[in-house]
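# how would this look folded up:
(2 chains)
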Protein chains: 2
Amino acid sequence: MMLKNWNPPEKPQPEEAKARLKSAKEKLSQLQMQLKEHKLPVLVLIEGWGAAGKGSAIGQVIKNIDPRFFKVFSIAPPTEEEQRRPFLYRYFEKIPEAGKFTFLDSGWMDETTREALNRQLEGAAYSNRIESIKHFERGLTDNGYLVLKFFFHITKKEQEKRIQTLLDSKDTAWRVSKNDLWQNKNYEVCEKVFDRYLTDTNSPNAPWYIIDSGSKRAAELQVLEAMCTGIETALHNGSLSVPLLQNVFPLIKMPKLKTVPLDKAIPEDRYRKELKRLQKKLSMLHNRLYRKRVPVIIVYEGWDAAGKGGNIKRLTGALDPRGYEVHPIASPEPHEKARHYLWRFWTRLPKDGHIAIFDRSWYGRVMVERLEGFCSENDWQRAFYEMNEFERELSNWGAVILKFWVQIDKDTQLDRFTQRQNTPDKQWKITDEDWRNREKWDQYEEAVDEMLQKTSTAYAPWHILESVDKKYARIKALKIVIEALEKALK
Amino acid sequence: MMLKNWNPPEKPQPEEAKARLKSAKEKLSQLQMQLKEHKLPVLVLIEGWGAAGKGSAIGQVIKNIDPRFFKVFSIAPPTEEEQRRPFLYRYFEKIPEAGKFTFLDSGWMDETTREALNRQLEGAAYSNRIESIKHFERGLTDNGYLVLKFFFHITKKEQEKRIQTLLDSKDTAWRVSKNDLWQNKNYEVCEKVFDRYLTDTNSPNAPWYIIDSGSKRAAELQVLEAMCTGIETALHNGSLSVPLLQNVFPLIKMPKLKTVPLDKAIPEDRYRKELKRLQKKLSMLHNRLYRKRVPVIIVYEGWDAAGKGGNIKRLTGALDPRGYEVHPIASPEPHEKARHYLWRFWTRLPKDGHIAIFDRSWYGRVMVERLEGFCSENDWQRAFYEMNEFERELSNWGAVILKFWVQIDKDTQLDRFTQRQNTPDKQWKITDEDWRNREKWDQYEEAVDEMLQKTSTAYAPWHILESVDKKYARIKALKIVIEALEKALK
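The predicted structure follows:
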């Protein structure tokens, strides 16, 4: 009941208002430099009624910021192409870099309330959407983002008046959308839906600020002042850790790597036959999931020289190249490092009906980034939960998610390293880093064990591929993928 | 849609279940010692359907805990006396001490859903209740509490069967309540209300665990395992800081203490006349607010020797002793220190229609506790928000809240200290600590300024009482109290 219970803030006297506006503008100008210095990313979401002055408020606010430090996006209803990705895809894509602002002229609220008003989003679907949004916002703020959400509120009468003023002149009439007119005619039902949304998503980490937009001047002051205190709070939080959340995901018990028997093998002739049979089957399934628009996400993690590449090749050998993509994941580029660590994976998600294969993945967070100190302990500790939540999001979207850990023992790795080094054609495959990582085998094993324990969920399970016999591992992977797809296509 | 979308966890094989039960019990036994060592308080809320086995699960779980370390409360519907306090009063009262468990056999969920089912709690009132509960739980977890919430779920059929079994024997028939029967008859509508409540209060800091209570053994295992991982996570969080929240409260601009003119005075004869007139008025208002059941909370803070005591005396002089209480606040007792810092204030809240006057208050957190290092920086930084939220809660309950800062300058304090020291009757009023605090005047002034800026809200404003002339300050206080009460009684 945020709108219903809402009292507009007391209006300061003109003299005071003028002084406060001046001081807020100066403050924001100063804060942008601190933002940059402390690498604080700021996402400003401006939502509200049509003709409430959202665009012009953004126009005023950005006058106080260096153009290199912000981006403004006007969000239109999603295109057909965008509808084939998870709801949050196009919003995650637009999150700012560290030290910069992104302004969204309406965003995930507008999209959600529109669908609710059109009765495309009801009951469980609405609840799931709200959950997605809450996770999205919390995932950002927990990772150091400031998320400022403003709702521009005007009365029915005021909206009507503004629409009329716009319509009266040829130069401005185009700015009145069908949706604005519909809103004004159905103000009460819109208000109810807005109110519910605001209440549902008013979280302590990313609260709503309801802006009294009856006067443009007053609205600008409210936004500027809230931005300034918001940034100051966030700068302070920058140095703090974030408590871990209680696990709420249905975990599947995984064995410790040390206890996994690695003597499994398959004879050459059976391998040939099985490979052919399974690839044929997978090929057929690929067609069906394309038609049924099921997205598939396959993650490969494993020891260096465990045979990930060859395993992936046997999988893709069965797939239509128009329907899949392999994403080799190396260290992040600077523009990737400047954003939420899941950003480079969100932006690589497949369209529905497509398969994305990740050769290494977001799990780098709890392996290499953990062990090399590329993120804080607090960061990787939190990541177990964040990954379960991320995959839950993809699973709710309809994705089949499979995660493979390609397992070998330390001796096998040494054999393969030596062989690579001694084979001119394969020397490029072995680097100093591989040898360095090998020295940390025990630490890695501990980290991997923890990862398997904490992130193998009913909806995105880990599978261990015993890959001392690479052929065995390939057949096993194909079988697991086929079984999962058959289940999903039933 | 938590119940609707819920999938019961896969049941382990009997052999595995037995092993896991044994290991969870042992783990909990071990964890209780770590709990004590790390001073972690654990609040376990067991909610769910009638006859779902809540009580017997608690009985099983506590077998693994030393009796000195836990308390169990069975919560009945609130008495008339309890209804005269804020909803959360009796729950806040029962929070555990550091290092101990409190188990609640149903609690604030049951009370809320009952009222919703009886249609006593709808619309805005329901939303406000949900907000209160979310703030309560977050306030606990932010301050280092572990809040574990379990919902014991059974099907309509299973509930019916269990009720029948209980009814079949004279020894157990008494355990079936009218409410249990009503629930079973109206299972679907209850489920809907439960589902909404679970969804509304499923926060990341205190998530719900839905327990498949079809089998008592399985339910026990689920609770024990969730408790163990919950405690482990919370122990880890114990060493972390908590991010500050964005301010969402309507703040009133306060002047810096240095700029407050202190030359205000009132002549003796006018003082006498005014005092008499105002006390008479206040006395009448006290009767009216008693009849109208308006609770009033008045906070006094100020410099040592500023005249708080005398000011309070002039206020209480006008009040019926059956209708008010003065709470002098000194350093917390050990049993108070062992709980959330607001606990000793929650438990001192007035009944409706009564006045509570706090001679010093929760604001000690951001003054003496801050400056003497009795709490961490993270703690007192967070406290500004927590106090605004606490007072918002009281204001939503219907309380009138007034906060006085009794102001003098440093020279005046020295005069009064010296006078006290030289007057045998008053020597007890001056201690070494007063002199020590005086040395920190500048630090205190800075802290007080920050407190005034950050906690003067529209619903619980600070008022500065210029008290170099104590009489002036008394008259001003009386006028402010009268004005606020008149406004509330209109």
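
# From here on, just use CA atoms for contacts and neighbour counts.
Fine.

# for residue A:54, what are its contacts?
A:46, A:47, A:48, A:105, A:152 (Cα atoms under 8 Å, 6 or more residues apart in numbering or on different chains).

# so which helix or strand takes in the residue in the stretch 51-200 of chain A positioned nearest to chain B?
Nearest residue of the stretch 51-200 of chain A to chain B (Cα to the nearest Cα) works out as residue A:124 at 5.9 Å. Element membership for residue A:124, per DSSP states H and E: helix A:123-142.

# circling back: so which of the contacts of residue A:54 is the closest to residue A:343?
Comparing these against residue A:343 with Cα to Cα picks out residue A:105 as the nearest, at 21.0 Å.

# Compute the number of surrounding residues for the residue of the stretch 51-200 of chain A closest to chain B.
13 (other Cα atoms under 10 Å in any protein chain shown).

# Give me the pLDDT value at it.
pLDDT recorded at residue A:124 is 89.

# how near is it to residue B:173?
Separation of residue A:124 from residue B:173 (Cα to Cα, to the nearest Å) stands at 38 Å.

# swap in residue A:270?
67 Å.

# okay, these two: which has more neighbours?
Neighbours per residue (other Cα under 10 Å) separate residue A:270 from residue B:173, with residue B:173 holding more: 14 against 11.

# Report pLDDT for the residue of the stretch 251-400 of chain A at minimum distance from chain B.
Closest contact between the stretch 251-400 of chain A and chain B, by Cα to the nearest Cα, is at residue A:378 (8.6 Å). pLDDT, residue A:378: 96.

# burial count for it?
Other residues close to residue A:378 by other Cα under 10 Å number 16.

# and what of residue A:327?
Residue crowding around residue A:327 was assessed by other Cα under 10 Å; the count is 16.

# Please list the residues outside the helix or strand harbouring it that contact it.
For residue A:327, the host element (DSSP H and E) is strand A:324-328. Contacts with strand A:324-328, where a contact means Cα under 8 Å, 6+ apart, come from A:316, A:348, A:350, A:354, A:355, A:356, A:357, A:358, A:359, A:360.

# now do stretch A:194-210
A:1-4, A:109, A:113, A:130, A:133-134, A:137-138, A:141, A:146-153, A:226, B:200, B:245-246, B:248.

# start to end distance for it?
Start-to-end, stretch A:194-210 (Cα to Cα) is 11 Å.

# do stretch A:293-310 as well
27 Å.

# Please point out which parts of it sit buried.
A:293-308 (16 or more other Cα atoms under 10 Å in any protein chain shown).

# for the record, mean pLDDT for it?
97.

# Can you give the distance of that stretch from its chain's centre?
Mean-position distance between stretch A:293-310 and its chain equals 20 Å (Cα atoms, centre = their mean, to the nearest Å).

# Stretch A:95-105 now?
Remark: stretch A:95-105 is offset 15 Å from the chain centroid, using Cα atoms, centre = their mean.

# What of stretch A:257-271?
Distance, centroid of stretch A:257-271 to centroid of chain: 37 Å (Cα atoms, centre = their mean).

# mind checking the end-to-end distance for it?
25 Å.

# For residue A:442, the count of nearby residues, please.
Neighbour tally, residue A:442, other Cα under 10 Å: 12.

# on that earlier part again, narrow the contacts of stretch A:194-210 to just the buried residues.
A:1-3, A:109, A:113, A:130, A:133-134, A:137-138, A:141, A:146-153, A:226, B:200, B:245-246, B:248.

# now, which of those residues lie within strands?
Judged by DSSP state E, the subset of these located in strands is A:146, A:147, A:148, A:149, A:150, A:151, A:152, A:153.

# Quick check: the farthest pair among those residues?
A:146 and A:153 (22.2 Å).

# Which residues of the stretch 151-300 of chain A lie near chain B?
Within the stretch 151-300 of chain A, the residues that sit near chain B (Cα under 8 Å from any Cα of the partner chain) are A:200, A:204-209, A:229-230, A:233-234, A:236-237, A:240-248, A:250.

# Okay, and which of those map to strands?
Using DSSP E, those in strands are A:208, A:209.

# Among the residues of the stretch 151-300 of chain A next to chain B, filter down to the buried ones and hand me the PyMOL syntax, if you would.
Selecting only the buried entries of these in PyMOL, with 16+ other Cα under 10 Å as the criterion:
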select buried, chain A and resi 200+204+205+206+207+208+209+229+230+233+234+237+240+241+242+243+244+245+246+247+248+250
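
# I appreciate the help and will end here.
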